[in-house]
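Asker: below are the sequence and a predicted model; questions follow.
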Amino acid sequence: MEVPDPQYVQADDGAYIAYQVVGDGPVDIAWQADFAGSLDVWWELEWDRMWLEGLASFARLILHDWRATGLSSRNVAVPNLETRAQDLRAVLDAVGSRSTVMGAWFESLAPCVLIAASDPARVRGLVWWNPSPRTAWAPDYPWGDGPDEVAREREALKRWATIEHSQAWADDLSENLATRLPDSVVRWHTKKSRNTCTPDVAIELSEIWWQTDIRAVLPTVQAPTLLISDLAGRSREIGEQVASLMPHAQIEDFTDVGWPTSRSEIDRQHRPKLDAIQRFLGIEPRHVALDTVLSTVLFTDIVGSTAQQARLGDRAWKELVERHHATVREALDGWRGVENDTAGDGFYATFDGPARAIHCAHQVRDRVRDLGIEIRAGIHTGECELIDGKCGGIAVTTGARIAALADPSQVLVSQTVRDLVAGSGFTFQAAGEHELKGVPDRWRLYATT
């Protein structure tokens, strides 16, 4: 899905609020991120992107960055709940949304609840995923963070936007999901946090959450509300309490197991929730099973690795491989590649566009030379079969076979790739016609420079 560039609207006090409109469906949905959000980075995680694209497939999706964060004005005071509600109204006015469905995760729906209670004609409905009406513990709210947890979080936020802070965030989420989050998600969270705000602003925003409680407002909300619960334990209990306080709320339970690592797994988690939202809005769900996906595959490995290992010894070789891996992963992050597998000194990654795959391969090729090593790389674009949730099939095999034919520091691509990146500024040199083991036909290959 093509994602348009963000726009700006000025709030009453002159602050600029960045917003984005995606899709053109008959219903307006304003979806809120938590404060760790940035419109430029939000779309880079496949899990988030597929959720937003799913909403935009049947609605006009409206997104924005909070003031003091992301692409919105940074040289302003951190917003309280009322200011956030005013900024959201300004965005909705700018795009001409008069009757809006408002949705969010956890605490982030709070300003929408305020609007629904104070300006009911403006809110068509609410969608609240794992609702959280307050964050801190109270005698009548045993699920909140106690004083010790708040103190630990205050201390942790001093390391905001570092890999250590993101790893702690991932560890907490992994405990809820009963599975470990991939390193690529941790690195994405670090980048997103860094592009959102500085540690002092993160601390101020968290202080606001610890002091906020919207439970008293919930009984006054007349808008129909869909509560989505997909976490066991206290999150489900909180959802049940929220449902009991809202006069027109319905709750739907889902069971998500583990962090999805492929588009098909993400689709299997998102699809039931998206269908539930469409039914809630009176829209008949329509979707096609995700069995195949067009993808660009990239394979790389270190040239002469066995000889290098023998020359350096195990310890030095291990350190070299770790530096190589860090270099490859930095390039994958920069060019929106998804790491699928790592075997020894080789990488298999997928991209949603061939130009990004070529840029990534060139960056890795050039930067590993500083480590005293060379890589070879192969790239192919084709329809990948989703097998047990992972990309497979002949397109993946083709990419691997092309990589095996590359010379040191050479990036080889199939003719399919060359034809898809016309006008992208790459230079190609014919590398002959080849038979690829286990792959039908003969293949014209090209070296990129």
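Answerer: Looks like it came in fine.

Asker: any idea which strand is longest in this protein?
Answerer: Across the chain, the longest stretch assigned as strand under DSSP state E is strand 375-387.

Asker: now it - C-alpha only, PDB.
Answerer: Provided in PDB are the C-alpha atoms of strand 375-387 (Å, rounded to 0.1, in the frame of the first residue of the first chain):
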ATOM      1  CA  ILE A 375      31.000 -11.000   0.700                       C
ATOM      2  CA  ARG A 376      29.100 -12.400  -2.300                       C
ATOM      3  CA  ALA A 377      25.400 -11.600  -2.800                       C
ATOM      4  CA  GLY A 378      22.500 -12.800  -4.900                       C
ATOM      5  CA  ILE A 379      19.100 -11.200  -5.400                       C
ATOM      6  CA  HIS A 380      15.900 -12.400  -7.000                       C
ATOM      7  CA  THR A 381      12.300 -11.200  -7.000                       C
ATOM      8  CA  GLY A 382       9.500 -13.700  -7.300                       C
ATOM      9  CA  GLU A 383       6.300 -15.100  -5.700                       C
ATOM     10  CA  CYS A 384       7.200 -16.800  -2.500                       C
ATOM     11  CA  GLU A 385       5.100 -19.600  -1.000                       C
ATOM     12  CA  LEU A 386       4.300 -19.200   2.700                       C
ATOM     13  CA  ILE A 387       5.300 -22.600   4.100                       C
END
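
Asker: buried stuff in it?
Answerer: For strand 375-387, burial by neighbour count (16 or more other C-beta atoms under 10 Å) applies to Ile375, Arg376, Ala377, Gly378, Ile379, His380, Thr381, Gly382, Cys384, Glu385, Leu386. The C-beta positions use only the backbone N, C-alpha and C, and glycine is treated the same way.

Asker: can I assume the first one is in contact with Val364?
Answerer: Yes - at 6.1 Å, Ile375 counts as touching Val364 under the criterion of C-beta atoms under 8 Å.

Asker: got the domain ranges for the chain?
Answerer: Using automatic domain parsing, the domain ranges for the chain come out as 7-145+212-280, 292-448.

Asker: these: which one's closest to Thr190?
Answerer: Across the domains of the chain, Thr190 has its closest neighbour in domain 292-448 (9.4 Å, C-beta to C-beta).

Asker: quick one: average pLDDT of that closest one?
Answerer: Domain 292-448 shows a mean pLDDT of 88.

Asker: try stretch 46-63
Answerer: 93.

Asker: make a markdown table from the domains of the chain and add distance to Asn195 to it.
Answerer: Output for the domains of the chain, formatted as a markdown table (distance: least, C-beta to C-beta, whole Å):
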| stretch | distance to Asn195 |
| --- | --- |
| domain 7-145+212-280 | 4 |
| domain 292-448 | 13 |
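
Asker: helix or strand for the residue nearest to Lys273 when sequence neighbours are not counted, which one?
Answerer: Residue nearest to Lys273 in three dimensions, not counting chain neighbours: Ile228, with 5.7 Å by C-beta to C-beta, 6 or more residues apart in numbering. Following DSSP states H and E, one finds Ile228 within strand 225-229.

Asker: just how off-centre is that strand within its chain?
Answerer: When distances are taken as C-alpha atoms, centre = their mean, to the nearest Å, strand 225-229 is centred 22 Å away from the chain's centroid.

Asker: helices or strands up against that strand?
Answerer: Contact analysis of strand 225-229 by 3 or more C-beta pairs under 8 Å, 6 or more residues apart in numbering; DSSP states H and E lists strand 123-129, helix 234-245, strand 249-253, helix 263-280 as its packing neighbours.

Asker: before we move on, the earlier item: overlap of the contact sets of Ile375 and Val364?
Answerer: Thr300 (C-beta atoms under 8 Å, 6 or more residues apart in numbering).

Asker: who are the neighbours in contact with Val22?
Answerer: Contacts of Val22 (C-beta under 8 Å, 6+ apart): Met1, Val3, Pro4, Leu52, Glu53, Ala56, Arg60, Leu61, Leu63.

Asker: tell me the SS of the third one?
Answerer: Okay, so that is Pro4. Pro4 falls in the coil class when you classify it by DSSP: H, G, I helix; E, B strand; the rest coil.

Asker: tell me the spacing between it and Thr225.
Answerer: For Pro4, the distance to Thr225 (C-beta to C-beta, to the nearest Å) stands at 29 Å.
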